[in-house]
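1. got a sequence here, can you build the structure:
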Amino acid sequence: MPTLLHLDSSAIADGSVSREVTAAFRAAWQAEHPEGTVIYRDLAADPLPHLDVHGISAGFAPAEAHSAEQAAAFALREQVMAELEQADAVLIGSPMYNFTIPSTLKTWLDHVILVGRTAGETPSAKGTPVTVVASRGGSYAPGAPREPFEFVTTYLEKVLTGMLGLEVDFIVPEFTLAAAVPAMADFVPKAVESKAQALEQAAHRAKEAAARAAV
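-> Below you'll find the model as predicted:
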């Protein structure tokens with residue numbers, strides 16, 4: 001049966017727009033594949049350790065030459081790489097923190113990217129569809145004053161597509177802070193509209209990904 005790899009990285013447990021939209025995607029996916037598998041990682045509640053020298057060096061040495069520290073570090077890398085490789089679709093919630101992705105998501109990427117396996121000329125998960133819910137407090141859309149500060153979709157597109165060979169689509173809910181920041185009160189209608197569109201897009205893309213996985 002098809003497998004969905006679902007990653008959330010918002011530090012907010014309740015009230016997170018990225019989590020709400022990924023939940024809508026997941027629900028639509030599971031409605032199409034009720035017997036399917038969902039591999040879920042909450043990178044905020046259960047963060048991976050930063051990639052250290054043992055995990056890095058183990059990627060360049062054969063398993064039989066690994067020290068005990070290298071073996072332990074690489075076991076985690078092996079696990080997250082295998083989760084990506086077995087997925088028929090990937091769902092990532094990535095809110096914008098200080099213009100870029102959460103550090104917990106960056107740590108996941110550090111573990112999962114291994115040249116010669118998941119990255120390089122023949123990436124092991126090449127062609128897998130990925131949907132990224134890239135929420136942000138304001139707007140960084142083309143033409144917006146802060147467009148040059150957008151380092152979420154710009155970074156993830158390069159890494160997920162350019163290094164891992166995945167097929168990436170973005171859902172971008174904007175103005176998520178409008179209701180909480182008095183100075184942004186005028187943008188509340190835009191926030192409501194953007195969130196509604198994101199939820200609709202999530203359901204639609206989940207069904208597309210589910211249909212693709214069933215082929």
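2. residue contacts, the spatially most central residue of the chain?
-> Nearest to the mean C-alpha position of the chain, by CA atoms, centre = their mean, lies Ile92 at 2.5 Å. Shown here is Ile92, whose contacts under the criterion CB atoms under 8 Å, 6 or more residues apart in numbering are Leu7, Ser9, Thr22, Leu105, Val130, Thr131, Val132, Val133, Leu156. All C-beta atoms are positioned from the backbone trio N, CA, C, and that covers glycine.
3. also Arg136?
-> With CB under 8 Å, 6+ apart, Arg136 has these contacts: Pro95, Met96, Val152, Val172, Pro173, Glu174, Thr176.
4. the residues you listed: which two are farthest apart?
-> The largest distance within the contacts of Arg136, taken as CB to CB, falls between Val152 and Thr176 and amounts to 12.8 Å.
5. related to what we said a few turns ago, buried ones among the contacts of Arg136?
-> Buried by 16 or more other CB atoms under 10 Å: Pro95, Met96, Val152, Val172, Pro173, Glu174, Thr176, out of the contacts of Arg136.
6. in a markdown table, list these along with secondary structure and distance to Pro34.
-> Rendered in a markdown table, the data for the buried ones among the contacts of Arg136 read as follows (DSSP: H, G, I helix; E, B strand; the rest coil; distance: CB to CB, whole Å):
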| residue | secondary structure | distance to Pro34 |
| --- | --- | --- |
| Pro95 | coil | 29 |
| Met96 | coil | 33 |
| Val152 | coil | 32 |
| Val172 | coil | 29 |
| Pro173 | coil | 27 |
| Glu174 | coil | 33 |
| Thr176 | coil | 31 |
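7. and the residue nearest to the centre of the chain, what element?
-> Of the helices and strands defined by DSSP states H and E, Ile92 is found in strand 89-93.
8. continuing past that strand, what's the next helix or strand?
-> Defined by DSSP H and E, the subsequent element after strand 89-93 is helix 103-112.
9. Gln201 reaches Ile171, doesn't it?
-> Yes. With contacts defined as CB atoms under 8 Å, Gln201 counts as touching Ile171 at a distance of 4.9 Å.
10. ok, the two, which is more surrounded?
-> Ile171 (24 against 20; other CB atoms under 10 Å).
11. show me what contacts the more buried one?
-> Here Ile171 is in contact with Val21, Thr131, Val132, Val133, Ala134, Ala198, Gln201, Ala202, Arg205 (CB under 8 Å, 6+ apart).
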